[in-house]
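Peer 1: Sequence plus the predicted model coming up.
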Amino acid sequence: MKHILKLQRSIGLALFLALGQTVFSQTTLAQTLAQTNGQNGTIPYPGTIQSLPVAAPANIPTPQVSPQSPPPNFPQTEALIFVAPNGIDDPGSGSAITPFRTITAALRTVPAPGTIIQLAPGTYSAETGEEFPLKLLPGIKLRGNADSKGEGILIKGGGFFVSPTFARQNIAVLAANNAQVIGVTITNSGSRGYGLWVESSKNFTATSSTFINTTHDGVFLTGDSIANVVSSQFTKNRGSGISAVGSSSGDIRGNVFDNTGFGLSIGQKSSVVVSSNQIINNRNGIILSNVATPSLHANTIANSQEYGLVILRDRSGNQPNPDLGTQANPGLNIFKGNKKKDINNTTGVSLLAVGNQIDNKRVSGPMELIGSVAPPSTPVTSPVKPSKPPVKKPTQSKPPTKKPIQTKPVPKPKI
């Protein structure tokens with residue numbers, strides 16, 4: 001009986017994935033980034049950014065559906081609710097054959113913890129009936145395609161949420177305890193738009209997803225959130241890829257922050273662990289402020305327009321105390337090719353960094369660098385494959401129209 005049930009679910013999922021093949025168009029945003037206030041040591045919290053010109057964007061492909069990609073192989077051991085842009089929001093919908101049209105309708109069924117809301121390729125926006133922000137429920141898994149980091153599965157939009165810590169904000173998705181976001185693309189092009197907002201949620205995970213073209217931050221962690229952001233991609237966000245404030249903690253690991261304003265902004269009392277990330281081609285790699293105590297290990301911080309790592313003192317005279325490596329646990333960070341300096345410590349207080357790859361001459365401010373070695377000479381490039389430019393068909397120009405030559409009549413000779 002179990003084999004028959006598994007076969008039925010597999011057939012249903014295959015049919016569902018076949019129904020949802022739609023292509024979406026991506027909104028192109030102005031290439032501006034947030035500016036930090038260097039005088040008072042603040043990071044760009046909600047509502048504080050200003051527009052600045054930036055370098056040309058990195059060659060990261062705009063998400064689109066690839067008909068050649070095989071459908072992902074999903075385990076069928078948990079409850080599933082299916083959603084597709086060509087579905088119907090009717091009572092009784094939610095199967096692979098008759099999916100819901102919107103994530104909003106799927107959430108209104110109040111699914112039990114552990115339920116997977118499976119998204120077909122396509123765009124989920126206000127135009128398709130979504131009501132933003134999408135408020136996840138405890139224990140729910142919102143899943144697209146982890147193998148492609150959500151390519152072609154776009155959640156696009158935003159709505160107002162009153163944050164207990166930062167008042168009214170424009171966000172696309174609100175996290176919940178023990179919930180997961182897997183294999184989707186999230187964008188919010190509205191005014192001061194945030195992609196994913198995590199407000200004091202516990203054990204929340206975002207993995208194998210793409211956060212692109214938000215007008216503020218891709219992910220915002222606040223309150224006493226405990227969140228894991230893993231194996232995801234952040235690009236072309238105007239503020240920061242991730243901001244972590246409040247007393248937030250958790251694991252930020254194995255992500256790519258490429259041409260996304262400030263790669264990470266970490267402030268207040270946040271103690272997130274930032275490890276094994278590629279933080280490249282941003283205005284500044286990482287900004288630290290207030291009394292944050294993040295752990296920074298095994299990251300590549302390269303090719304920033306200004307600084308790789310900036311450490312700021314706040315108005316009260318407090319400064320962050322990051323873990324950049326110890327004798328027992330070396331930092332293993334690679335700093336390279338950041339235009340102004342690799343590290344800019346503006347606090348006036350010496351900080352310890354052990355076992356990193358950095359040129360000691362490219363450090364500003366008091367730093368105790370122990371066991372440092374020169375970074376590798378090979379250039380650091382984006383791990384994301386650039387998209388192929390469209391092939392332009394040669395235009396056939398029409399031959400110029402020849403104007404008839406007008407000649408003056410020859411006068412007849414007089415006889």
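Peer 2: Thanks, I have the structure now. Residues are numbered from 1 along each chain as shown.
Peer 1: which residues in the stretch 301-415 of the chain form strands?
Peer 2: Ranges of strands in the stretch 301-415 of the chain, per DSSP state E, counting those that start in this stretch, are 307-311, 334-336, 341-345, 351-354, 363-364, 367-370.
Peer 1: Which stretch among those strands is buried most, on average?
Peer 2: strand 307-311 (a mean of 28; mean count of other C-beta atoms under 10 Å). Where C-beta positions appear, they are placed from N, C-alpha and C, glycine not excepted.
Peer 1: Show me what that strand is packed against.
Peer 2: strand 284-288, strand 300-302, strand 341-345 (3 or more C-beta pairs under 8 Å, 6 or more residues apart in numbering; DSSP states H and E).
Peer 1: Okay, now the sheet partners of that strand, with direction.
Peer 2: Paired neighbours of strand 307-311 in the sheet (DSSP bridges): strand 284-288 (parallel), strand 341-345 (parallel).
Peer 1: Switch these over to TSV; also include mean pLDDT and distance to Gln233.
Peer 2: Output for those, formatted as TSV (pLDDT from 0 to 100; distance: least, C-beta to C-beta, whole Å):
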stretch	mean pLDDT	distance to Gln233
strand 284-288	98	16
strand 341-345	98	24
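Peer 1: Could I get the ones you listed in CSV, plus columns for distance to Ile153?
Peer 2: Shown next, in CSV, are these (distance: least, C-beta to C-beta, whole Å):
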stretch, distance to Ile153
strand 284-288, 29
strand 341-345, 37
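Peer 1: Just tell me which of those ends up closest to Glu127.
Peer 2: Taking C-beta to C-beta, strand 284-288 is the member of those nearest to Glu127, at 35.4 Å.
Peer 1: could you dump that closest one to PDB, C-alpha only?
Peer 2: The C-alpha trace of strand 284-288 is given here as PDB (Å, rounded to 0.1, in the frame of the first residue of the first chain):
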ATOM      1  CA  ASN A 284      31.600  47.500   1.200                       C
ATOM      2  CA  GLY A 285      31.900  43.800   2.100                       C
ATOM      3  CA  ILE A 286      30.800  43.800   5.800                       C
ATOM      4  CA  ILE A 287      29.800  46.800   8.100                       C
ATOM      5  CA  LEU A 288      30.000  46.200  11.800                       C
END
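Peer 1: ok, and what's touching that strand?
Peer 2: By C-beta atoms under 8 Å, 6 or more residues apart in numbering, the surrounding residues in contact with strand 284-288 are 36, 43, 240, 257, 262-267, 274, 279, 294, 296, 301-302, 304-312, 320, 322, 338.
Peer 1: Now the closest residue to Gly159 other than its chain neighbours: which helix or strand?
Peer 2: Residue nearest to Gly159 in three dimensions, not counting chain neighbours: Phe132, with 3.3 Å by C-beta to C-beta, 6 or more residues apart in numbering. Following DSSP states H and E, one finds Phe132 outside all helices and strands.
Peer 1: surely Phe132 meets Tyr124?
Peer 2: No. Between Phe132 and Tyr124 there is no contact under C-beta atoms under 8 Å: 9.8 Å.
Peer 1: Give me the distance between the two termini of stretch 165-185.
Peer 2: 26 Å (C-alpha to C-alpha, to the nearest Å).
Peer 1: coming back round to it: ok, which of the helices and strands packed on strand 307-311 comes nearest Ser316?
Peer 2: Checked against C-beta to C-beta, the stretch from those lying closest is strand 284-288, at 15.4 Å.
Peer 1: next helix or strand past that closest one?
Peer 2: Next along the chain after strand 284-288, taking DSSP H and E as the criterion, comes strand 295-297.
Peer 1: do you know how far Ser377 is from Ile212?
Peer 2: Relative to Ile212, Ser377 is positioned 32 Å away (C-beta to C-beta, to the nearest Å).
Peer 1: same question, Gly365
Peer 2: For Gly365, the distance to Ile212 - C-beta to C-beta - is 33 Å.
Peer 1: higher neighbour count, these two?
Peer 2: Remark: of Gly365 and Ile212, Ile212 carries more neighbours, 26 against 16, as counted by other C-beta atoms under 10 Å.
Peer 1: That one against Thr187, yeah?
Peer 2: Yes. With contact defined as C-beta under 8 Å, Ile212 counts as touching Thr187 (5.3 Å).
Peer 1: Looking at Phe132 and Tyr124, which one has more neighbours?
Peer 2: Tyr124 (30 against 25).
Peer 1: Note down every partner strand of the one helix or strand that one maps to and its orientation.
Peer 2: In the assignment (DSSP H and E), Tyr124 maps to strand 122-125. As defined by DSSP bridges, the strand partners of strand 122-125 come to strand 153-156 (parallel).
Peer 1: Just after the partner strand, pick out the following helix or strand.
Peer 2: Toward the C-terminus from strand 153-156 - assigned by DSSP H and E - lies strand 159-163.
Peer 1: Which is the succeeding secondary structure element to that following strand?
Peer 2: Beyond strand 159-163 on the C-terminal side, the first helix or strand identified by DSSP H and E is strand 167-174.
Peer 1: Quick check: neighbours of the helix or strand just after that next one in the sheet, parallel or antiparallel?
Peer 2: Next along the chain after strand 167-174, taking DSSP H and E as the criterion, comes strand 180-182. Strands that pair with strand 180-182, judged by DSSP bridges, come out as strand 141-143 (parallel), strand 202-207 (parallel).
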